[in-house]
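Novice: sharing a sequence plus its predicted fold:
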Amino acid sequence: MKENESVTKHVHNFKSLLKHLSIVGNLMKEENIVLELMQNMSPSYRSFLISIRGQTFTLQTLITYLIQEKTLLNSLDSNVEAMTIGSLALAFK
């Protein structure tokens, strides 16, 4: 996954690839699919993925968690940006 790519888009592309693999007879166990998706996430998800390592998830549960994590990361980025802008505004008063 590219750093700024949408999680939803990445998951859609991932599921499309899985569908194509199944059409040609390459069926994967769900646990392997989950691991593959985890390994293909961008570096910004590293801490999150380390925190859930060793746990067992369905693919859908992992997707839900990844979307929630992206929402949290976006929220944190917005807060940092707002604080930075606020700090700059104070510095130039």
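Specialist: Nice, thanks for sending it over.
Novice: OK, contacts around residue 7?
Specialist: 1, 66-67, 70 (CB atoms under 8 Å, 6 or more residues apart in numbering). Every C-beta, even on glycine, is put in place using the N, C-alpha and C of the backbone.
Novice: do residue 45 as well
Specialist: 1, 66, 69.
Novice: the second one touches residue 41, doesn't it?
Specialist: Meaning residue 66. Yes: with contact defined as CB atoms under 8 Å, residue 66 reaches residue 41; the gap is 7.0 Å.
Novice: re the thing from before, top of the contacts of residue 7 by number of neighbours, please.
Specialist: Highest neighbour count within those, by other CB atoms under 10 Å: residue 66, with 21 neighbours.
Novice: now do the helices in this protein.
Specialist: 7-23, 30-39, 46-52, 59-91 (DSSP state H).
Novice: would you turn those helices into JSON lines with mean pLDDT?
Specialist: What follows is those, written out as JSON lines (pLDDT from 0 to 100):
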{"stretch": "helix 7-23", "mean pLDDT": "92"}
{"stretch": "helix 30-39", "mean pLDDT": "94"}
{"stretch": "helix 46-52", "mean pLDDT": "92"}
{"stretch": "helix 59-91", "mean pLDDT": "73"}
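Novice: center of this protein, which residue is that?
Specialist: In the chain, the centroid-proximal residue (CA atoms, centre = their mean) is residue 66; its distance is 4.4 Å.
Novice: contacts only, for that one.
Specialist: Counted by CB under 8 Å, 6+ apart, residue 66 has contacts 7, 11, 37, 41, 45, 48.
Novice: and for residue 53?
Specialist: Per CB under 8 Å, 6+ apart, neighbours of residue 53: none.
Novice: hmm, back to that, most widely separated two among the contacts of residue 66?
Specialist: Pairwise distances across the contacts of residue 66 peak at 15.0 Å for 11 and 48 (criterion: CB to CB).
Novice: per-residue pLDDT, residue 27?
Specialist: With respect to pLDDT, residue 27 scores 87.
Novice: now residue 2: closest residue in space that isn't a chain neighbour?
Specialist: If the residues on either side of it in the chain are set aside, residue 2 comes closest to residue 42, at 6.5 Å by CB to CB, 6 or more residues apart in numbering.
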